[in-house]
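In: structure, please.
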Amino acid sequence: MLTRNHFRWVLYCCLTHFLFGFQSFAMGSGGPEIPQTINPNSFEGSDTERILQAIEAAKKSVHVVRIPKENANGTAVWMIDSALLLPSNMTLILDNCTLQLSDRSRDNLFRSDNVGAGITDSVWNENIRIYGIGNAVLKGAVNPRATGDGARTLSLNPQAEQEKGNWRVSYGSDAGKPGLKQTGDWRNIMVLIGYVRDFSLKNVRFENAHGWTISFERTVGIDLSDVTIFNEEFVTVDGQQRMTANKDGINLRQGCKNVRIDHISGLTGDDFIALSNLDTAPDIPKQNGDINGSMVTASRWYGTEDDIEQVVITNISCKNRYRAVAIRASDRAGIHHIYISGVIFRAREDRYEALLIGGRGYGEESLPGKIHTIQAMNIMGNGQSLVRIQAKVANCHFLNGMYTGVNEHATLYEVDPRETSNVTENTWLKVR
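Out: I've put the predicted structure just below:
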């Protein structure tokens, strides 16, 4: 009889064979063998340089890079100084390793290589995979140079600034340094993917991103599962608690379609999952690659190709002062055909709600029916409600909700319910 350890070893071997294929193959009769994966320890340079060299080598051969726990420099952590750029047809195996942004970095940890500063005409990438084995951890810097989105001004003491009434601030060691950018931007996102078809990320733990943990822009075919996110609003720097803003978990922005998000848990300083189709300043020109924004692609809705649609969110357990799932759209931008099932939301300080549908303060109000066809079921939460409706939505259905919060009703309307269309509730109740 197989013991549990023997079974795990057999399963690991089978999965390894499945992911990586054969050990090697010959290039013609008697040709050289190609290793099944590329290891960054085979290269020279900094941790960042060695991983990028491994990715470049893998592009020409097996298309698989395995980052092991053991770093050849003798440390237990791979320190990342600038974004690890991901090309098409690439699989990264994070084998029990820890990757951490260094205090010198002011960049993403991972970014698809087709988007970035000054890239105005992005081409589509495809088939990118990040798979964790065992304990795979991605971490922010100990003392980050910048945090927060593009609307945040850097401060060494954000709490003191907020006491003065300056709310749009976030910690960053670059604050006050001449010649350095004094606001946040999309580089503070830990994993940033844009214009990609078919992306997967599985079995990874995130800790203390510098802004949003994972963000997708105009990405079609997303598969996220078995992810843990620990991204609190306050981080400890030199023994002091410092406020870091916009600490979301997973963000879907313009044009994200065919999405599966399953078995995600954790604690965030802002929304755990946010679907945001916003055009906050339609009179201001927008373009791809603008370093001053919160998105690396143009933060504009150009048409139905930029709708967020066909999204399945299941098995979520999270805690924060904001929302489990926030769905926000402005003006004509569409978000529709969203299925949510199995959410446990624990509100800190009884704030906000498990689900937000609508959004206020992000440009023009969402036009009637532009947010539509949403089904949410099997939701448990406290806070101020299970769902807050802030837009004139259509065809939204809520089923099997258990609300244990401070108010009497599980649904909170901030629009006239008569201006919504076909919104139903079934066993969507406050429970004692």
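
In: and P32, what's its pLDDT?
Out: P32 is assigned 45 on the pLDDT scale.

In: over to R360?
Out: 86.

In: spatially nearest residue to it (excluding sequence neighbours)?
Out: Q390 (5.5 Å; CB to CB, 6 or more residues apart in numbering). (Glycine included, C-beta is placed from N, CA and C.)

In: so the one you found touches G359, yeah?
Out: Yes: the criterion here is CB atoms under 8 Å, and Q390 meets it with G359 at 6.0 Å.

In: and the helix or strand hosting E49, what does it pack onto?
Out: According to DSSP states H and E, E49 maps onto helix 47-59. Judged by 3 or more CB pairs under 8 Å, 6 or more residues apart in numbering; DSSP states H and E, helix 47-59 is in contact with strand 64-67, strand 78-80, strand 84-86, strand 90-95.

In: shaky segments in the stretch 51-200 of the chain?
Out: Applying pLDDT under 70 to the stretch 51-200 of the chain picks out no residues at all.

In: my bad, the stretch 301-432 of the chain
Out: For the stretch 301-432 of the chain, no range has pLDDT under 70.

In: circling back: name the residues that touch the helix holding E49?
Out: 37-45, 64-65, 67, 71-73, 78-82, 84-87, 89-90, 92 (CB atoms under 8 Å, 6 or more residues apart in numbering).

In: filter the residues you listed down to the buried ones and hand me the PyMOL line.
Out: The PyMOL selection below is limited to those of the contacts of helix 47-59 classed as buried (16 or more other CB atoms under 10 Å):
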select buried, resi 37+38+39+40+43+64+65+67+71+78+79+80+82+84+85+86+87+90+92
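
In: contacting residues for G74?
Out: Contacts of G74 (CB under 8 Å, 6+ apart): none.

In: now do it against A54, distance only.
Out: Relative to A54, G74 is positioned 18 Å away (CB to CB, to the nearest Å).

In: just D198 next, same as before
Out: 22 Å.

In: neighbour-wise, which of these two wins?
Out: Each of D198 and A54 has its neighbours counted (other CB atoms under 10 Å); A54 has more, 23 against 17.

In: buried stuff in the helix or strand hosting D226?
Out: Per DSSP H and E: D226 is located in strand 214-231. By neighbour count on 16+ other CB under 10 Å, the buried set for strand 214-231 is 214-222, 224-231.

In: do stretch 408-428 as well
Out: For stretch 408-428, using 16+ other CB under 10 Å, the buried residues are 410-413, 415, 420, 423, 425, 428.

In: please enumerate the helices of the stretch 301-432 of the chain.
Out: Read by DSSP state H, counting those that start in this stretch, the stretch 301-432 of the chain holds no helices at all.

In: would you point out which residue is most central in this structure?
Out: I214 (1.8 Å; CA atoms, centre = their mean).

In: may I have the beta-bridge partners of that residue?
Out: V191, I250 (DSSP bridges).

In: would you agree it is in contact with G249?
Out: Yes: at 7.2 Å, I214 counts as touching G249 under the criterion of CB under 8 Å.

In: quick check: K370 vs D307, distance?
Out: Taken as CB to CB, the span from K370 to D307 is 9 Å.

In: sorry, wrong one. I was asking about A57.
Out: 39 Å.

In: more neighbours: those two, which one.
Out: Between A57 and D307, counted using other CB under 10 Å, the more crowded position is D307 (21 against 17).

In: make sure that one is actually in contact with I338.
Out: No: counting by CB under 8 Å, D307 sits too far from I338 to count as a contact (11.1 Å).

In: what's the overlap in contacts for these two?
Out: By CB under 8 Å, 6+ apart, no residue touches both D307 and I338.

In: circling back to that earlier point, tell me the one among the buried residues of stretch 408-428 nearest to A324.
Out: Taking CB to CB as the measure, A324 sits nearest to A410 out of these, at 14.0 Å.

In: show the contacting residues for the closest one.
Out: By CB under 8 Å, 6+ apart, the neighbours of A410 are 385-387, 401, 403, 425, 428-430.

In: most surrounded residue in these?
Out: The contacts of A410, ranked by neighbours (other CB under 10 Å): first place L386, 31 neighbours.

In: report the contact partners of it.
Out: Contacts of L386 by CB under 8 Å, 6+ apart are 353-355, 379, 398, 401, 403, 405, 410-411, 428.

In: if we go to 7 Å?
Out: L386 makes contact with 353-355, 379, 401, 403, 410-411, 428, according to CB atoms under 7 Å, 6 or more residues apart in numbering.

In: ok, D95 next?
Out: Per CB under 7 Å, 6+ apart, neighbours of D95: 66-69, 133-134.

In: the same query, at a cut-off of 6 Å, please.
Out: Listed by CB atoms under 6 Å, 6 or more residues apart in numbering, the contact set of D95 reads 66, 68, 133.

In: centre of the chain versus stretch 396-404, how much separation?
Out: 26 Å (CA atoms, centre = their mean, to the nearest Å).
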